[in-house]
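Asker: Sequence and predicted model, in that order:
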Amino acid sequence: MGFSTDAVHAGQEPEPRTGAVIPPIYQTSTYEQEGLGRPRAGYEYARTQNPTRAALETNLATLEAGKHAIAFASGLAAIGSILQLLQAGDHVVCTDNVYGGTYRLADQVWRRFGLQFSFVDTSKQDAVAAAIAERTRLIFVETPTNPVLTLSDLTELSRLARERNLLLVVDNTFMTPYLQRPLQLGADIVVHSTTKYLNGHSDMVGGVVVLNDSELAERLRFLQNAAGAVPGPFDCWLVLRGVKTLALRMMQHDRNARELARVLAAHPKVQKVYYPGLASHPQHELACRQASGFGGMISIELGTLENAKAFMESLRLFLLAESLGGVESLVCHPASMTHAAVPEEERLRLGITDSLVRLSVGIEDVEDLVRDVQDALEHVQAATTRV
Ligand code: P1T
């Protein structure tokens, strides 16, 4: 089936009792047992099984071209569950410019339980190879990264991971399976914050892990139940509803962002534009090869904190808020918001300056978005030097 057919139908047969076309929200914590040890339909307790959640899992597994999907209460709960597959003493090679919350989870939570992390530029195969140690079990990659949109070559990394007997985990939140399918490029595990594009309407928080390996899936399913970071049925239902229009939304996010990036790149007050869709992006060729579009995220360098502040506070359509991937456009200041947990020196090394601004380009009319950005740039001081 085609992508949109799967998005609309996978996991969503009409409900057998009434024929309801839309999967019901099974808002229950438990299920009646006909006798001791004889649950009526295989369901016992809602942390363990929920039909709305199962429908979402089937749908997202299909879209990511994986056999199994396991849903979690947030993107970070999904990432944390993957890390729970490891043992104390194990080592992870992780993209240096991951989402700040992922960095914090590794650095401030899992390090305390004996996991070790090397944060490296995974766009450089040599750097990844050099970071692999005896206890390395897993390579965790975000591509494109949040917020400076650096790409890692998933085909090359999956070859390296296979050679060294490591798991390659890819956070595909920015691209979505509509634009990029890491499992088909050789990755072992895909993870998403469903809070973002998959749901697409900024009205819930969730996560999902998708993979092909049935034994690993079984272990993650065990962790889903044993550790209990499960999503509620209404949140699962919201993602199921949102995902039906994923292709339409991604096309519009992508189209709008391409146009906005072009305008920003030509604007004298913008010192640097980070967007893989621009021919000037150092990995534009890889972006064309690895994904079928560039997505809706753009970051810009405005030279000074005052400029960044003036720009963000002058925007009218772009709302100043954390998060991304909703139909509405958002703007954020990574240094003080999404990446505040990353030490300053590391942030600056990655390009997350106090004057970096991140745009999540929504699906509004692009003329309105361009005008909003152009008007807000009127409040920015002209640059004296280009970065
Ligand atoms: O917020 P949560 O659903 O737990 O997802 C965490 C997460 C994981 N991976 C990526 C690439 C992310 O961007 C995020 C969350 N990011 C934001 C909230 C943000 O504004 O960047």
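Answerer: Received, thanks.

Asker: Flag every residue of this protein that's near the ligand.
Answerer: Where the chain comes near the ligand, counting by C-beta under 6 Å from any ligand atom, the residues are 74-76, 99, 101-102, 142, 146, 171, 173-174, 193, 195, 205, 207, 322-324, 332, 338. C-beta coordinates here come from the backbone N, C-alpha and C atoms, glycine included.

Asker: Mark which of those are part of strands, please.
Answerer: Secondary structure defined by DSSP state E assigns 142, 171, 193, 207, 332 of the residues of the chain next to the ligand to strands.

Asker: any idea which of those residues is closest to the ligand?
Answerer: residue 193 (3.0 Å; C-beta to the nearest ligand atom).

Asker: Compute the number of surrounding residues for the closest residue to that closest one other than its chain neighbours.
Answerer: Excluding the flanking residues, the one nearest residue 193 by C-beta to C-beta, 6 or more residues apart in numbering is residue 75, at 2.6 Å. Using other C-beta atoms under 10 Å, residue 75 has 23 neighbouring residues.

Asker: before we move on, the earlier item: pick out the most distant pair among the ones in strands among the residues of the chain next to the ligand.
Answerer: 207 and 332 (19.5 Å; C-beta to C-beta).

Asker: Settle it for me: which of those two has more neighbours?
Answerer: Taking other C-beta under 10 Å, residue 207 and residue 332 do not tie; residue 207 has more neighbours (27 against 24).

Asker: hang on, isn't the more buried one packed against residue 73?
Answerer: Yes. Between residue 207 and residue 73 there is a contact under C-beta atoms under 8 Å: 7.0 Å.

Asker: Now do the shared contacts for these two.
Answerer: residue 231 (C-beta atoms under 8 Å, 6 or more residues apart in numbering).

Asker: Mind giving me the packing neighbours of the longest helix along the chain?
Answerer: Assignment by DSSP state H gives helix 246-265 as the longest helix of the chain. In this structure, helix 246-265 packs against helix 3-9, helix 176-179, strand 272-274, strand 297-301, helix 366-377, with contacts taken as 3 or more C-beta pairs under 8 Å, 6 or more residues apart in numbering; DSSP states H and E.

Asker: related to what we said a few turns ago, check the residues of the chain next to the ligand for burial and list the buried ones.
Answerer: 74-76, 99, 101-102, 142, 146, 171, 173-174, 193, 195, 205, 207, 324, 332, 338 (16 or more other C-beta atoms under 10 Å).

Asker: list the buried ones in stretch 349-359?
Answerer: Buried residues in stretch 349-359 (16+ other C-beta under 10 Å): 350, 351, 352, 353, 354, 355, 356, 357, 358, 359.

Asker: Over to stretch 154-169?
Answerer: 154, 157, 158, 160, 161, 166, 167, 168, 169.

Asker: Tell me which entries of the residues you listed lie within helices.
Answerer: Those of those lying in helices (DSSP H): 154, 157, 158, 160, 161.

Asker: in this protein, which spans are helices?
Answerer: 3-9, 51-63, 75-83, 100-104, 125-131, 154-163, 176-179, 214-227, 233-243, 246-265, 284-290, 305-314, 344-350, 366-377.
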